[in-house]
Every structure is written in C-alpha cells, then in structure tokens.
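In: need the 3D shape of this:
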Amino acid sequence: MLKQLTDDQELYLKKVLAQLEEGGLPKQTVKQAQKALNNLDNEITNPFKVLAALQANIPIRLLESHYAEHNPTISGKREVFYPCI
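Out: I've put the predicted structure just below:
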C-alpha cells in the first residue's frame with residue numbers, strides 16, 4: 001500500500017521548503033525542527049513522521065505571506081511630511 005500525503009500536507013511542505021530557501025524562518029525555529037528531524041532516527045523515511053515533526057516545530061503563521069507583500073495600496077511613491085516649527 002502506497003502512502004500519499006494530502007494536497008494540504010504537500011502545500012505545507014512546499015511552503016516550508018520555500019521559506020528555507022529564502023531564509024524566511026527564524027534560526028531558532030529551524031534549529032528546533034532540525035533537532036526534531038534528527039530525533040526521528042530510522043523513522044526519517046516515513047513522510048508522515050517527518051511532516052508531524054515539522055508541523056510541531058514550524059508554526060503555519062511563519063509560512064503565510066506577509067501582509068505587505070500583497071497589499072497594493074502600500075506600493076508606489078511615498079512623500080515625507082515635515083511639519084513647520
């Protein structure tokens with residue numbers, strides 16, 4: 001019987017990989033996740049165990065896009081206001 005991940009699980013893993021490649025995760029979070037993966041020993045080949053270890057150590061909020069990245073009203077020329085004294 002072939003074990004397969006759900007679409008949501010695969011999406012989670014893709015987000016983790018993207019954040020790792022971009023350096024978007026805090027160092028301490030990455031260290032904790034790495035430690036959890038190292039503790040799996042021979043279970044490291046089980047995708048469900050790997051997924052569970054990552055989900056326990058990498059909060060989904062760290063994988064979501066930042067508000068400023070998708071807010072078109074923020075982009076564009078900005079003016080600085082200096083009040084007269």
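In: hey, where'd the helices end up in the chain?
Out: For the chain, applying DSSP state H gives helices covering 7-22, 27-38, 47-57.
In: just say which of these is most tucked in.
Out: Across the helices of the chain, the average number of neighbours (mean count of other C-beta atoms under 10 Å) peaks for helix 47-57, which reaches a mean of 15. (C-beta placed from N, C-alpha, C; glycine too.)
In: next, give phi and psi for the spatially most central residue of the chain.
Out: With distances taken as C-alpha atoms, centre = their mean, residue 63 lies nearest the centre of the chain, 3.2 Å away. Backbone torsions for residue 63, taken as degrees, to the nearest 10, come to phi -100, psi -10.
In: so residue 57 sits against residue 31, correct?
Out: No: when contacts are counted by C-beta atoms under 8 Å, residue 57 is not listed as touching residue 31 (9.2 Å).
In: so which of the helices of the chain gets nearest residue 84?
Out: Comparing the helices of the chain by their distance to residue 84 (C-beta to C-beta), the top pick is helix 7-22, with 43.3 Å.
In: from the contact counts, what lies against the closest one?
Out: On a contact count with 3 or more C-beta pairs under 8 Å, 6 or more residues apart in numbering; DSSP states H and E, helix 7-22 meets helix 47-57.
In: convert the C-alpha atoms of the helix it packs on to CSV, please.
Out: The C-alpha trace of helix 47-57 is given here as CSV (Å, rounded to 0.1, in the frame of the first residue of the first chain):
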residue,chain,number,x,y,z
PRO,A,47,6.8,11.1,5.3
PHE,A,48,4.1,11.3,8.0
LYS,A,49,6.6,11.3,10.8
VAL,A,50,8.7,14.0,9.0
LEU,A,51,5.6,16.1,8.4
ALA,A,52,4.4,15.8,12.0
ALA,A,53,7.9,16.8,13.3
LEU,A,54,7.9,19.9,11.0
GLN,A,55,4.4,20.9,11.9
ALA,A,56,5.1,20.6,15.6
ASN,A,57,8.1,22.9,15.3
